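Engineer: predicted model follows, preceded by the sequence.
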Amino acid sequence: MNMNNTEKLAELQDLQSKADAIREELGISQRGEVIYLAALNVCPGDSVVVEADGFGGATTSVVEGNYPVDYVTKFERFFRRESDAEGAAEELTCHSASPRQILAA
């Protein structure tokens, strides 16, 4: 079957709705959603960001600058579970853990 662009867009919207419903059931965030953002107290100008991958995992990053517009990533680590990524972020922001210790793979 050869679909035109309107039909393809309708199918894409349907698939996205189904994916959103599955994410809701699983309790995971959308791809690219920032699920944690806080200042890193030990380094003025630095922030800790956790961004979901849409499949249950997330990346925890330490960034310098004006996130999300103009920034540099200093440290970054992917976690298979969003909760692990958020836990790492909390260690950095609440317990003053070393970014090198927490995010170095």
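Structural biologist: Yes, it's here. Since we're looking at a predicted model, the values are computed, not measured.
Engineer: and the strands in this protein?
Structural biologist: With DSSP state E as the criterion, the chain has strands at 34-39, 46-52, 58-66, 70-79.
Engineer: deepest of the ones you listed, which one?
Structural biologist: Scoring these by mean neighbour count under mean count of other CB atoms under 10 Å gives strand 46-52 as the most buried, with a mean of 23. For glycine as for every other residue, the C-beta is placed from the backbone atoms N, C-alpha and C.
Engineer: can you name every helix or strand that it contacts?
Structural biologist: Under the contact definition 3 or more CB pairs under 8 Å, 6 or more residues apart in numbering; DSSP states H and E, strand 46-52 sits against strand 34-39, strand 58-66, helix 82-94.
Engineer: quick one: contacts of the first one?
Structural biologist: By CB atoms under 8 Å, 6 or more residues apart in numbering, the list of residues contacting strand 34-39 from outside reads 29, 46-52, 58, 60, 67-68, 82, 85-86, 89-90, 93.
Engineer: repeat that for stretch 20-29.
Structural biologist: So stretch 20-29 is contacted by 30, 35, 52, 54-56, 58, 82 (CB under 8 Å, 6+ apart).
Engineer: for stretch 40-57, same thing?
Structural biologist: Contacts for stretch 40-57 (CB under 8 Å, 6+ apart): 23, 26, 28-39, 58-65, 67, 71, 74, 78-82, 85-86, 88-89, 92-93, 96, 99.
Engineer: start and end of it, how far apart?
Structural biologist: Distance across stretch 40-57, first residue to last, is 22 Å (CA to CA, to the nearest Å).
Engineer: check the average confidence over that stretch, would you?
Structural biologist: Across stretch 40-57, pLDDT averages out at 92.
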